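Peer 1: no sequence for this one, just the structure:
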């Protein structure tokens, strides 16, 4: 247990931020699962909507330093490739 006032505050702030970051990561994870499920079902309309949602969440998380920018970019590129392949199959 911290004895100094500022150290006590840091513990509280860290716990709060950890909970917020965990909630954001969980939300991203949920939307990624929805996108992958739509792609697996070959549902183009749902996939496109889910892709926009995932990209938006990844950008916001990277902007707030919840995840690293390169990680967000890598995931967005991977999902874009999946969506493009689905569009090619639909033709």
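Peer 2: Looks like it arrived, so ask away. Source: prediction; values computed, not measured.
Peer 1: Quick one: the helices in the protein, in order.
Peer 2: Under the criterion DSSP state H, helices of the chain are mapped to 5-40, 44-63, 69-90.
Peer 1: How about the residue nearest the centre of the chain: what's its closest non-neighbour residue?
Peer 2: Among the residues of the chain, the one closest to the centroid is residue 28, at 3.2 Å (Cα atoms, centre = their mean). Closest residue to residue 28 apart from its sequence neighbours, by Cβ to Cβ, 6 or more residues apart in numbering: residue 57 at 5.1 Å. Heads up, the C-betas are built off the backbone N, CA and C, glycines and all.
Peer 1: Looks like that neighbour contacts residue 26 (just checking).
Peer 2: No - the criterion here is Cβ atoms under 8 Å, and residue 57 misses it with residue 26 at 10.9 Å.
Peer 1: If you count surrounding residues, which of these two has more?
Peer 2: Shown here are residue 57 and residue 26; by other Cβ atoms under 10 Å, residue 57 has more neighbours (21 against 10).
Peer 1: pLDDT value on the more buried one, please?
Peer 2: Residue 57 is assigned a pLDDT of 98 by the prediction.
Peer 1: Could you measure from it over to residue 29?
Peer 2: 10 Å (Cβ to Cβ, to the nearest Å).
Peer 1: The residue lying closest to residue 62 once chain neighbours are set aside: neighbouring residues, count only.
Peer 2: Using Cβ to Cβ, 6+ apart and skipping the chain neighbours, the partner closest in space to residue 62 is residue 72 (3.9 Å). By other Cβ under 10 Å, the residues close to residue 72 number 20.
Peer 1: Please list all residues in contact with the residue nearest to residue 28.
Peer 2: 24, 27-28, 31 (Cβ atoms under 8 Å, 6 or more residues apart in numbering).
Peer 1: go with 7 Å
Peer 2: Counting by Cβ atoms under 7 Å, 6 or more residues apart in numbering, residue 57 makes contact with 27-28, 31.
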